[in-house]
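Chemist: just to be clear, the model below is a prediction. Sequence and coordinates:
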Amino acid sequence: MGSDSFKPIVARLGDHSMDNIAPADNPEDSFDGGWTLFWATGNSSTSAIYSEIEPGKQIGPHADSAEEIFLVLEGEVEATVGGATVSLEPGMLIVFPAMAVHSTRNVGATRSRHIGFMGGNTVVTTFPEGPVLPFNTQVLGTPPPDVAASLGYKKP
C-alpha cells in the first residue's frame, strides 16, 4: 500500500461507547470501559481500550488474548500480574502478557483514567472469577459486527 492511499485512523478518548462493567457477585466494584480503536475503526493489527475507575474500585482479575501495554493517564493505580503488584502513576506503563491474569485497582483519591494498547485488532477477555455485568458472561471482547454497527461504528 502506497503512502498516498493510506487513510489515517483518528479517535478521541470519550467519543466512543463505554459500559459500566462489574462482577455479578459484587456490582459495586465496577469500572467504565470501551473500545476506542479496533477492527471496526479500520485497525489491521492493533486495538486500544479506554477505561476509568472510581477510587477504591478495580478492573477485576481477567486475561486478554493479546498482549496489552497499559498506560496510566490520570490517577494512582496498583496493577497485579504474575503474583506481583506494582504502583503506577500518570505517564507510567506496564505490560500484561497475553493470557496472563491481571487486575488494576484505583488506590488514589480521584477517578483514574487509562488506555490499554493491544497487540491485536480482535481481542477476547476472560474473567475467571465469574460473570460480569451488564453482560452476565465471563467472556467479553471487541464488539462483533452487529454490536459494532449498533454502537455507530461504520465498516471502514
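Modeler: Arrived safely.
Chemist: distance of the residue positioned nearest the centre of the chain from Thr125?
Modeler: Geometric centre of the chain, nearest residue: Ile49, 3.7 Å, by CA atoms, centre = their mean. Using CB to CB, to the nearest Å, Ile49 is found at 9 Å from Thr125. Every C-beta, even on glycine, is put in place using the N, C-alpha and C of the backbone.
Chemist: repeat for Gly34
Modeler: For Gly34, the distance to Thr125 - CB to CB - is 13 Å.
Chemist: the helix-or-strand element of the chain with minimal mean pLDDT: how far from the chain's middle?
Modeler: In the chain, the helix or strand scored least confidently by mean pLDDT, DSSP states H and E is helix 145-150, which has a mean of 83. Mean-position distance between helix 145-150 and its chain equals 18 Å (CA atoms, centre = their mean, to the nearest Å).
Chemist: what of stretch 47-57?
Modeler: Its chain's C-alpha centre and that of stretch 47-57 lie 7 Å apart, by CA atoms, centre = their mean.
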